[in-house]
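Peer 1: next input, structure requested:
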Amino acid sequence: QVQLVESGGGLVQAGDSLRLSCVVSGPTFSTRNIAWFRQAPGKERAFVAAVMWTHDITSYGDSVKGRFTISRDNAKNAVYLQMNSLSTEDTAVYYCAADRGLQPIKTREEEYEYWGQGTQVTVSS
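Peer 2: This next block holds a predicted model:
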């Protein structure tokens with residue numbers, strides 16, 4: 001059973017930085033793509049970033065390119081999302097997700113099988 005636990009959310013001001021963590025328990029973490037999605041109030045869940053299980057391949061949503069960085073530490077079964085230059089539009093619940101393994105990098109939520117409970121990020125102006 002794969003379980004994901006996010007942490008690091010909170011209340012920050014516009015322009016600040018925040019780092020989210022996602023710790024994954026269960027088998028074969030090193031073969032799974034891990035992604036971050038977010039859901040703002042009244043909006044659908046949206047892709048933020050993903051890191052492939054191999055070759056350090058990453059993908060980012062257009063709204064976060066150049067500001068957010070995703071990374072993984074296979075020794076710690078963890079994935080991180082470094083968020084810089086935060087704006088009020090980044091306010092959302094952030095979820096990490098894992099796929100079934102040994103797949104090309106993915107950006108659609110239906111391609112991820114396992115999800116965390118989410119962590120709230122609130123950016124005030």
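
Peer 1: mind listing the helices for this protein?
Peer 2: With helices called from DSSP state H, the chain shows none.

Peer 1: quickly note the distance from Leu20 to Lys106.
Peer 2: Leu20 sits 19 Å away from Lys106, going by C-beta to C-beta, to the nearest Å. For every residue, glycine as well, the C-beta is placed using N, CA and C.

Peer 1: residue nearest the centroid of the protein?
Peer 2: By C-alpha atoms, centre = their mean, the mean C-alpha position of the chain lies nearest to Trp36, the distance being 2.2 Å.

Peer 1: give me the more crowded residue out of Leu20 and Lys106.
Peer 2: Neighbours around Leu20 and Lys106, counted as other C-beta atoms under 10 Å, are more numerous at Leu20. The numbers are 24 against 17.

Peer 1: and the strands in the protein?
Peer 2: Counting by DSSP state E, residue ranges of the strands within the chain are 3-7, 10-13, 18-25, 34-39, 46-51, 58-60, 68-73, 78-83, 92-98, 114-115, 119-124.

Peer 1: export those strands to CSV and tack on mean pLDDT?
Peer 2: Shown next, in CSV, are the strands of the chain (pLDDT from 0 to 100):
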stretch, mean pLDDT
strand 3-7, 97
strand 10-13, 98
strand 18-25, 97
strand 34-39, 98
strand 46-51, 98
strand 58-60, 98
strand 68-73, 97
strand 78-83, 98
strand 92-98, 98
strand 114-115, 98
strand 119-124, 98
